[in-house]
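S.K.: Okay, predicted coordinates and the sequence, questions at the end:
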Amino acid sequence: MLRTRLLYILTVLVLLVALLHGLAFVYFLYWKLSWFDTLPHFFGGMFVSLLSVWLWYFSGYLGVHPLPKLRTLFWFTVLSAFVIGVGWEVFERGLDLTWSPEGYWTDTSLDVLADVLGGVVSYFLLRYLLRTARPLI
């Protein structure tokens, strides 16, 4: 069932983001490799967009919503990654967790871009999963 497959994928993604973040702190990868921050943002964008889809369309916690057309699903995944990504950047800035004030806007723009690209990849993953899902018997 697609609902269960999405939960497995969400579990793998959250573990991957946690692993990347943990490795980055242990080995100072955020400071040694300027591009490393892009990886957790990309997989975090995937996680957030797939979690949004799962919560809205599959969980039943927020009511029953039929799956939309593919165009609507695309915008749902991309915008959910964008909104949460921007929210995360505001959170980081509010707690003064940015380490490079002079490059803040460049870093923030790349982070949000990675989040959105994660949302786009999530859409294509969802399309594939919907195409290959077995109907309930």
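M.R.: Cool, got the structure. Numbers count the residues shown, from 1 in each chain.
S.K.: ok, now which ones touch the residue nearest the centre of the chain?
M.R.: Nearest to the mean C-alpha position of the chain, counting by CA atoms, centre = their mean, stands G45 at 1.9 Å. G45 makes contact with 81, 85, 114-119, 122 under the criterion CB atoms under 8 Å, 6 or more residues apart in numbering. Placement of C-beta: from N, CA and C, glycine included.
S.K.: so what's it scoring on pLDDT?
M.R.: pLDDT, G45: 98.
S.K.: now the residue lying closest to it once chain neighbours are set aside: how far from L2?
M.R.: Nearest in space to G45, with sequence neighbours left out and distances taken as CB to CB, 6 or more residues apart in numbering, is G118 at 2.5 Å. G118 sits 20 Å away from L2 when distances are taken as CB to CB, to the nearest Å.
S.K.: now L33
M.R.: Distance of L33 to L2, given as CB to CB: 36 Å.
S.K.: more crowded one of the two?
M.R.: L2 (17 against 13; other CB atoms under 10 Å).
S.K.: Not counting residues beside it along the chain, what's closest to R134?
M.R.: Closest to R134 by CB to CB, 6+ apart is M1, at 8.0 Å.
S.K.: Mind listing what's buried along the longest helix belonging to the chain?
M.R.: Across the chain, the helix with the greatest residue count (assigned by DSSP state H) is helix 104-132. Buried residues in helix 104-132, counting neighbours by 16 or more other CB atoms under 10 Å, are found at 107-108, 110-123, 125-126.
S.K.: Ok, stretch 28-37 next?
M.R.: 29, 36-37.
S.K.: now swap in stretch 6-15 and tell me
M.R.: Counting neighbours by 16+ other CB under 10 Å, the buried set in stretch 6-15 is 6-7, 9-10, 13.
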